[in-house]
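K.L.:
quick one: sequence and predicted model below, then my questions.
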Amino acid sequence: MTDIAHEADHGIRDKKGGTTMTDPVVSVSDLRITFPTLEGRITAVDGVCFDVEPGGALGIVGESGSGKSVTSLALMGLHRGTKAEVTGKITVAGTDIAAASDRRIRAMRGNDIAMVFQDPMSSLHPQYTIGNQLIEAYRIHRPKASVAEARKRAVESLDRVGIPQPARRINSYPHEFSGGMRQRVLIAMGLMCDPTVLLADEPTTALDVTVQAQILDLLDDLRRDLGMSLILVSHDLAVVAGSVDEVLVMRKGEIVERGDVRRVLSTPEHPYTQALLDAVPRVDVSRAQRRAQVRADRAQERHQGASSAAAQPTAARPVAPGPPGSAEEEPLLKVENARMRFKVRGGLFGRATDFYAVDDVSFDLYKGETLGIVGESGSGKSTLSRMVTRLLRPTEGRITFEGHDITRLPERRLRPLRRDIQMIFQNPYSSLNPRVTIGDSIGAALRVQGETDTKKIRMRVQELLERVGLESAHYNRFPHAFSGGQRQRIAIARALILRPKLVICDEPVSALDVSTQDQVLRLLDELQDDFDLTYIFVAHDLAVVRQVSDRVAVMSKGRIVEMSHGDEVYENPQHDYTRQLLAAAPVLDPEEARAHRADRARLRGSTDAHEAAGSA
Amino acid sequence: MITYIIRRLFAGVGLLLIVSMVVFAIFFLIPRLAGTDADGLAARYIGKSPTPEAIAAVKERLNLDEPITVQYGEFVKGLVVGTEYDSGTDVIECSAPCFGYSFKTGTEVWPQLIDRLPVTASLAVGAAVIWLVAGVSIGVLSALRRGTALDRAAMMVALAGVSLPIFFTGLVSLAVFSYYWGIFPPGGSFTPFTENPIAWAHGLVLPWVTLAFLYAAMYARLTRAGMLDTMGEDFIRTARAKGLPERTVIGKHALRSALTPIITIFGLDFGLMLGGAVLTESTFSLPGLGKYAVDAIRGNDLPVVLGVTMFTAVFVVIANLIVDLLYAWVDPRVRVGA
Amino acid sequence: MSKKWLGLAAATTSAAMLLTSCGGGGDGGGGTEAEFDAGTTSIVNPSDEQGGTLKFAHSDQFDSLDPGNTYYAANWSFTRFYARSLVTYAQQPGEEGLELVPDLAEDLGEVSDDGLTWTYTLKEGLKFEDGTPITAEDVKYAVARSNFAPDIINKGPVYFSQLLDAGDYEGPYEDEDLDNFTGIETPDERTIEFKLKEPFSEFDYVAAMPQTSPVPADADTGDQYQTQVVSNGPYKFESEWTPGKTLNLVRNEEYDPETDPLTRNRPDKIEVAFKQEENDRDNRLMSGDLHMDVAGLGLEAAARGKILRDENLKAQADNPQTGFKLYFAINPNVEPFDDKACREAVLYGADKTAMQAAWGGEVGGDIATNMLPPSTPGFTEIDPYGTPEHKGDPDKVAESLEACGQEDGFDTKISYRSDRDKEKKAAEALQQALAEYGINAELKGYEAGTYTSEQAGSPAFVEKEELGIMAYGWGSDWPSGYGFFQQIVHGDSIKGAGNSNLSELDDPEINELLDEAAVTDDPAQREEMYAEVDALAMDSATLLPYLDQKALLFRPENVTNVFFGESFKMYDYSAMGLAQ
């Protein structure tokens, strides 16, 4: 590991072959960054070295805590004035970061190296127009430029990144743009002064798949057109795969692997990299393959006797099930023409207009199945899941559960049925009450349903805690003492304590790291077998949905545009939108990634202005 | 936008009516709950040893015997249309809005309110300027130098400002600066601005500083907290990443965001203060609205209390409206129907 | 409310006061060597100098500037600057200050043989501030408006309405024809005849009230008159006055000092600022920014402490008796006080030294043992319920309790004015003293504004709430036994609201004595009767007098002719001037 980190030759092989002898535009040598914390000084980055050639693209990949963001901030000299201690040599566009004066650093920022951050909503000042912020970015480095000049340049920049009607929209505020557009604005801002290096830290994490693809395409374009170097930092290997030449894998502050992206992703040398790759949900791996893999792993664990979660016998299930439940069997859940209408205030003079979050959705769900619902933000998938659990009352349509029509049932009669339908939410941090111990959180459901014997409650809760991979001793701990993955397990336990029949998982793993994500998905899988559960799995990540679902429904703008058995949807998409989604999904194979990119460009070219205005 | 303002103003009028009803009810019910009847009420407004005839006469003149609805109706009529007042020799025309005549002194309420408003307004405006400037600057400095001696000292002084009662700081400052050193005029000196701006300011320095001390302390803490919050925001990081000098980062980016909630609070504080900074006015013997209100309450002088309450309510309503508009202007995310 | 927390501030302000302990008054311009309490018995700083602006401050405000519509001593004293009455009090310290001298009238009243007509003759050449001559009709009008239009003018005393034989005259605002007011006849321009229902020997005192100050009918504006009173005295309103604003008086050119028994025109200008914060006011007095406190109640606690400690400042202070009697009334309609012995138990059990301490010790007042104030002519000291050192007599208490059948004591209530700190402390002192004997008193505080009108002053309320003992204080409307006793012990004075006869005494003997005194010409005889009333009132055991209140007054060095006037029980403002 360390040998690789301190390799003498830091030259990167250029894609076109042959080494270039120009100076690297970014050069990092023996970088160490420590922070003081309550527990003492922790080392976030330990002995990192790398170079970036002019025009080159470097990807830095790692999970949370790997030190990748800290490293990228160091490149901008943004640790100055904080308590962080930075040692080592960093040279960016000829400036030695450590030795440079404050003035020199400021002159460099935005000018030689520009940074695009993760969350575009909070990264832009909400109270100034984007024009104001763009112009500011320009004039600070070109003080002699007039406002009109800067404005012209800003409009050009916006145009370059694909903002429609830039001359008009330059006067808009950040909140008036959608997520993807905001990210483009941030990129435009970064480009104002023609930087040599563009540093993008998780630029697409908060964005929808199609938008993500667009942004990555844009970055690629810009790189080629402007001859700019790109450093792309991400936790998602697939995101990095199609956009960089070289990749660094970081773990706990160290570089564990580096090299050409194709090589690293196809034949990783370090076990960590391998593990990371294995954990990434692959959109091209079928469900059946996945299940088989999981079962094999499980058997191995049990064999080794190291499992703490195998208390109960697992029910054997056929490896490649056809659609579970035959046509004669009654569906567990039947949704017919469900619609959810919201009234939107029409401003001062306008009347309220109707907005249908869910528009005429119908499907059946059989016992033991997993239905995956995939869609981007605004597709209505979350609203639909809430309608099924009756957290919302459908405006029109019918929802039947186990033969009972629950569409308009009053709360009192609904209560007993709530045992049978449970939900697991997305955000493990906010879905648990921080003031209540996890034992109480989980046990609350039992109490609500009428159970009074505290001993019994406690016993059942502790049983379940162990089942989901925690310890019964955790009963009295508070949520903040657990990691994200653990919290999600708690949420799962909470959902399962009542032995429901139907569990709706609303983006249960999107907020988790890749490896944790994998573990939780495996757990859900096991539990489905053991507890005989039926799942509705809602997510925006195509690969994840493919892995877990028997059937997949694709939603867009409140409607189901396509639904069929899992693999069908992925291998033989019928609807344009599905095709678009699939084309946008990041893939791990760099070659394939480029192919997809070309596809997208073609699709885009045919519907250029239309798309840009409508989506993202 | 105009519709919005008009709607708000209408709601404001509705609110004023409700306020007046509540005040009326309080003044009507409380003595009755304590066991006083109309006679007892009448006796309050007369001299020391009233005759039964006097009590009966006053009772009738002030309508104290009427049911509350009638009394309230008279009041509203006066507001809307005006009323007539029999002073004995003349019948005085009191044009709308007529808040009636003081039960205690027989003086018309409305002119008194208008008369006292400049005093309270002078006090409020001057103090507001001082506390905003002082409070915000100290808050910003404290936030930027968090944990240093300056920060700690500033917050301690702020704590003192909030803890020390106004009558204490006021009397002490008068004793020291007015009577001992003779720099400032003594209590009870108010010169209207139109008469002599220099004397006006000179006489108000001590009340301004006394009042501002209290508020500056609160605003310093608020600003400090707001700044600390804001400095941790992502867009500050972006601003730095653009290469902006620190003073621009703070002065343009951080301050704008941190001050937004302070505007709301300031508007409300100021609106309320126009209803009378009672303690300060009492301590410095300034003839403002606050003092007027307090005296009226103690004397159970219903027309005056109604007058001051509604006057204050108007200021609060307008202040609220301005604050909302200002907020929308300052923070574009809040704009209606944008 | 304001007094309470300002009282709290007193302690802290004392600290501030120490900072300014050098702040003394301005340099004393010439003048006699003054010493503590000199003003009570002599004129301090006598001087004939004229000029300057005399600045007054009032911690509250006058009830009205209309001479016909006011009932407070400070106000009566102050109105003498612009509203002269038929007769007035002499401008002398001490006993001589109780004498009446003719002011607008040529002489004191002439009474007819049957005692039913009192005649006064106006001096010649008297004018209002606008030059119009003052006539008898103007005096008649003044009395008519102040006493016979209770719906409009009702804040002043009501003696005229009670004494005059006016039938059912409806007052000048209802009845335009002044001739219908038969209570007063004006046979010519300068003669005024008061027609009484019954003889009243002390009528001159009534004539001394500002209600006899003439008011021109065409200048009268009813209850708005106080905004612009037409002056007949040495000063007039500078301009229209709004209540609450500073009052400015300037010289009245039409005033003829020759017609005046008093010298009251020394300053060129007079200013009164109202609603001034009390502690600040005291500071200003001491620093020289203010000349006089017009309310006449004395210094606040903070200033009091400071002045008593500093020899120089103390020399500028006076500590006279205010003529105000502080006492507790015991209501015989509330059990167990229907039994006289139980009342006596309270009288014997009281610890008057503790109550004196509550009022500030010796500076606050002298312990009282009977009802009549010492300054009243004919005062005789008696102590029918005396106890050793005024601290209570356990034996007598035990005796009384046994006599009324409550050997182990009983429960009762003591009411007081909650915003009067000292009164509260006195009530507490009484409560504590009585507790020793098993008499458990619950303290009930009420707001001063409503105490006299609705709570203690309402017999129905008193009985309903069982207020057995009520804290009170009383000063006479004029310096005689009648002026003092009439309202508080005469059976006829009991009222449904605004009652001052808290003991609800209706003793035929007392009533008769007072009625007779009213018609007795000889002052000496009257004084004897008052002494008897005093004794009888004490004997009823319904009154527990404990303190003759004293005030601590401050006179800045640059104010001339300062002395304590026994008439109004405060410094005589009319005499004051400024050292130039």
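P.N.:
Nice, thanks for sending it over.

K.L.:
need the pLDDT of the closest residue in space to A:L124 that isn't next to it in sequence.
P.N.:
Sequence neighbours aside, A:P174 is the residue nearest to A:L124 in space, at 4.0 Å (criterion: C-beta to C-beta, 6 or more residues apart in numbering or on different chains). Every residue, glycine included, has its C-beta placed from N, CA and C. Listed pLDDT for A:P174 reads 89.

K.L.:
buried ones in the one helix or strand B:A11 maps to, by neighbour count?
P.N.:
For B:A11, the element it lies in under DSSP states H and E is helix B:2-33. Of the residues in helix B:2-33, B:R8, B:G12, B:L16, B:V19, B:S20, B:V23, B:F24, B:F27, B:F28, B:P31 count as buried by neighbour count, 16 or more other C-beta atoms under 10 Å in any protein chain shown.

K.L.:
and the residue nearest to A:L124, what is it in contact with?
P.N.:
A:P120, A:M121, A:L124, A:H125, A:P126, A:I130, A:R182, A:V185 (C-beta atoms under 8 Å, 6 or more residues apart in numbering or on different chains).

K.L.:
how are the strands of the stretch 351-500 of chain A distributed by residue range?
P.N.:
A:353-365, A:370-375, A:396-401, A:404-405, A:421-424 (DSSP state E, counting those that start in this stretch).

K.L.:
go on, the stretch 151-300 of chain C?
P.N.:
C:184-185, C:191-195, C:235-237, C:247-251, C:269-273, C:292-293.

K.L.:
hang on, the earlier thing: could I get the buried residues of helix B:2-33 as CSV with distance to C:P216 and pLDDT?
P.N.:
Listed next are the buried residues of helix B:2-33 as CSV, based on distance: C-beta to C-beta, whole Å; pLDDT from 0 to 100:
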residue, distance to C:P216, pLDDT
B:R8, 53, 85
B:G12, 48, 86
B:L16, 43, 86
B:V19, 44, 88
B:S20, 40, 86
B:V23, 40, 85
B:F24, 40, 84
B:F27, 38, 81
B:F28, 40, 79
B:P31, 39, 79
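
K.L.:
out of the strands of the stretch 151-300 of chain C, flag the one nearest chain A.
P.N.:
strand C:269-273 (49.6 Å; C-beta to the nearest C-beta).

K.L.:
strands paired with that closest one, and their directions?
P.N.:
Strand C:269-273 has its sheet partners listed here by DSSP bridges as strand C:53-57 (parallel), strand C:247-251 (antiparallel).

K.L.:
may I have that strand exported as PDB, CA atoms only?
P.N.:
What follows is strand C:269-273, C-alpha atoms only, in PDB (Å, rounded to 0.1, in the frame of the first residue of the first chain):
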ATOM      1  CA  LYS C 269     -42.300  83.400  36.400                       C
ATOM      2  CA  ILE C 270     -43.400  80.100  37.800                       C
ATOM      3  CA  GLU C 271     -43.000  76.700  36.200                       C
ATOM      4  CA  VAL C 272     -44.500  73.400  37.300                       C
ATOM      5  CA  ALA C 273     -43.400  70.200  35.700                       C
END
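
K.L.:
can you list the strands paired with strand C:269-273 in a markdown table and add mean neighbour count, mean pLDDT and distance to C:A207?
P.N.:
Output for those, formatted as a markdown table (neighbours: other C-beta atoms under 10 Å in any protein chain shown; pLDDT from 0 to 100; distance: least, C-beta to C-beta, whole Å):
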| stretch | mean neighbour count | mean pLDDT | distance to C:A207 |
| --- | --- | --- | --- |
| strand C:53-57 | 22 | 96 | 27 |
| strand C:247-251 | 19 | 96 | 24 |
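
K.L.:
so which of these gets nearest B:P303?
P.N.:
Closest to B:P303 of the strands paired with strand C:269-273 is strand C:247-251 (C-beta to C-beta; 22.8 Å).

K.L.:
contact partners of that closest one?
P.N.:
C:65, C:81-82, C:234-239, C:241, C:265, C:268-272, C:274.

K.L.:
got a list of what A:P590 touches?
P.N.:
A:A241, A:G242, A:V261, A:R262, A:L265.

K.L.:
distance of it from chain C?
P.N.:
Distance, A:P590 to chain C, using C-beta to the nearest C-beta, to the nearest Å: 79 Å.

K.L.:
need the helices for the stretch 351-500 of chain A, in chain order.
P.N.:
A:381-388, A:411-418, A:438-448, A:454-467, A:484-496 (DSSP state H, counting those that start in this stretch).

K.L.:
run through the residues that contact the residue lying closest to C:K464 once chain neighbours are set aside.
P.N.:
Spatial nearest neighbour of C:K464, excluding adjacent residues (C-beta to C-beta, 6+ apart): B:G35 at 7.3 Å. By C-beta under 8 Å, 6+ apart, the contact list for B:G35 reads C:E454, C:F461, C:K464.

K.L.:
next one: C:Q228
P.N.:
C:A219, C:T221, C:F237, C:E240, C:W241.

K.L.:
equivalent analysis for A:A583, please.
P.N.:
Taking C-beta under 8 Å, 6+ apart, one finds A:A213, A:H596, A:D599, A:R600, A:L603 in contact with A:A583.

K.L.:
noted, bye for now.
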